[in-house]
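Trainee: let me see the structure of the following:
(one chain, ligands or ions: 1)
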Amino acid sequence: MRVDVVTIFPDYLAPLELSLIGKARRDGLLDVRVHDLRDFARDRHRTVDDTPYGGGAGMVMKPGPWAEALRRLGGTVGGEGPSRPRLLVPAPSGRPFTQAFARELATEPWLAFACGRYEGIDERVYAYAADSLGWDVTPVSLGDYVLNGGEVAVLAMVEAIARLIPGVVGNEESLVEESHEGGLLEYPVYTKPARWATEDSVYAVPPVLLSGNHAAIAAWRQEQRLARTAARRPDLLHASQAVSAGDLVVAA
Ligand code: 6GU
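Mentor: Modelled structure (predicted):
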């Protein structure tokens, strides 16, 4: 998969060189290219923003540099591979980014992210990308809170998407995320020592996990998943699950 990121803070994307994403890049599974929007400004000061029409606080990103940056992405592709990317625009007003959406995006051959700062990007840039470049444009949001810009959101989204590309993580780990595919939250996990003492307390592992009784362990884990989901994310429970969760002593 090819991933282009256009931003005024290329250094913000440096963590994409680390860990599994960095490995995927070195293995040739992921081709990440970060571009500085200011390189596409025409003036001496490399200006990318201006005051909003209609008034109001803050600055708006100018359409010219964005159009040039996006147009040049399309122009850099060779004979092979997809001719146009799917453009994702991180913004609190976007489509909610979910595990299901990540799965959909993981099948795309080419993604481009347009990172806005300030009050956002001039709306005409999206019309230009859709109408003149023929790209599919999707505003996307991580949740109901406001970040200063799209860069941190891109780090999260690229990680969530890339780990779903075959070969990026092992099979075992890729099953873990099924917990968020519209299902229940994960059960709590423990490792050695079974009896862990600090200066003022002793913390035990739930005895059932040491019992060797696989049916009892599976039942306990399912109960924990229900209780956790009821306590933390009741919105994920279906009516039938809510009934059984209501019978449980709800864990925090
Ligand atoms: Cl995807 N971008 C920005 N700038 N802010 C956000 C967001 C995205 N998701 C939540 N807040």
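
Trainee: would you mind listing what in the stretch 1-150 of the chain touches the ligand?
Mentor: Proximity of the stretch 1-150 of the chain to the ligand (CB under 6 Å from any ligand atom) is limited to residues 90-92, 94, 140-143, 145-147, 149-150. Bear in mind the C-beta positions are built from the backbone N, C-alpha and C, glycine included.

Trainee: now the two most distant members of those residues.
Mentor: For these, the farthest-apart pair by CB to CB is 143 and 149; their separation is 15.4 Å.

Trainee: my guess is residue 6 is in a strand, correct?
Mentor: Yes: according to DSSP: H, G, I helix; E, B strand; the rest coil, residue 6 belongs to a strand.

Trainee: for it, what are its contacts?
Mentor: The contact partners of residue 6, by CB atoms under 8 Å, 6 or more residues apart in numbering, come to 35, 37, 66, 69-70, 73, 112-115.

Trainee: those residues in strands, which ones?
Mentor: Cross-referencing the contacts of residue 6 with the strands (criterion: DSSP state E) gives 35, 112-114 as the overlap.

Trainee: comparing residue 143 and residue 149, which residue is more hemmed in?
Mentor: Neighbour count, other CB atoms under 10 Å: between residue 143 and residue 149, residue 149 has more, with 18 against 11.

Trainee: grab the nearest non-local neighbour of the more buried one.
Mentor: Taking CB to CB, 6 or more residues apart in numbering, and ignoring the residues beside it in sequence, residue 149 has residue 117 as its nearest neighbour in space, at 4.2 Å.

Trainee: the closest residue to the ligand within the stretch 151-252 of the chain: helix or strand, and which one exactly?
Mentor: For the stretch 151-252 of the chain, the nearest residue to the ligand under the criterion CB to the nearest ligand atom is residue 153, separated by 3.3 Å. Residue 153 belongs to helix 151-162 when assigned by DSSP states H and E.

Trainee: same check on residue 227?
Mentor: Judged by DSSP H and E, residue 227 forms part of helix 214-232.

Trainee: quick one: residues contacting the closest residue to residue 69 other than its chain neighbours.
Mentor: What sits nearest to residue 69 in space, not counting adjacent residues and going by CB to CB, 6+ apart, is residue 40, at 4.3 Å. Contacts here follow CB under 8 Å, 6+ apart; on that basis residue 40 touches 65-66, 68-69, 72.
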